[in-house]
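In: any chance you can model this:
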Amino acid sequence: MGLTNVQFKDADATTTVTGGTALTLIETGNITNGGKQYIVDGDSRTSTITVTVKARPARLDNRTGKYTKTKAEIVFSVPNVSGSTGEVTFSTVRLITEFNPAMDLGPMDRLTNLAAQSAHAMISPGLLTNLVSLGAIA
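Out: This is a model prediction of the structure:
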């Protein structure tokens, strides 16, 4: 299904997660630039998932006299080990927000809501399959 066939909801739409099994995150203690790293605890199928969370608050740029954007990022990563070569590669999902500190909360809420819906559409079976599996924009 292409992006033109996906419906996004605006104005007070909600996005919820139902079903599945709750996962517990444990801080690894690894130093990351501006953030923390976690692993998923418990089930051996998911214990190799790492979650890295970073945040950068807005700051005054002394050169321009303007504020930089606030940035937050969360990265989910899981290793893939090739059965034939033993080579390890990583599959990653990265969510990034950047907001101007002068932006009102209403537009920020609207953007994050639309982003949550698009993230759901990207990972849901049957939705945006060409984009995720083939890298094709349809």
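
In: ok, and the closest non-adjacent residue to T24?
Out: Using CB to CB, 6 or more residues apart in numbering and skipping the chain neighbours, the partner closest in space to T24 is D41 (4.3 Å). Where C-beta positions appear, they are placed from N, C-alpha and C, glycine not excepted.

In: is it true that that neighbour touches L25?
Out: Yes - if you go by CB atoms under 8 Å, D41 and L25 touch, sitting 7.0 Å apart.

In: measure G65 to A58 for me?
Out: 13 Å (CB to CB, to the nearest Å).

In: more crowded one of those two?
Out: A direct count of neighbours by other CB atoms under 10 Å for G65 and A58 places A58 higher, at 16 against 7.

In: got a list of what the more buried one touches?
Out: Counting by CB atoms under 8 Å, 6 or more residues apart in numbering, A58 makes contact with Y67, T68, K69, T70, N100, P101.

In: among the residues you listed, which ones are in helices?
Out: Judged by DSSP state H, these include no members of helices.

In: make a markdown table from the residues you listed and add pLDDT to it.
Out: Below are these laid out as a markdown table (pLDDT from 0 to 100):
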| residue | pLDDT |
| --- | --- |
| Y67 | 90 |
| T68 | 91 |
| K69 | 91 |
| T70 | 90 |
| N100 | 87 |
| P101 | 85 |
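
In: what about those, which are in strands?
Out: T70 (DSSP state E).

In: give the PyMOL command for selecting the buried subset of the contacts of A58.
Out: Selecting the buried subset of these in PyMOL, with 16 or more other CB atoms under 10 Å as the burial test, is done by:
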select buried, resi 70
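
In: compare D41 and L25 (neighbour count), which wins?
Out: More crowded of D41 and L25, by other CB under 10 Å: L25, with 15 against 11.

In: bridged to that one, which residues?
Out: V40 (DSSP bridges).
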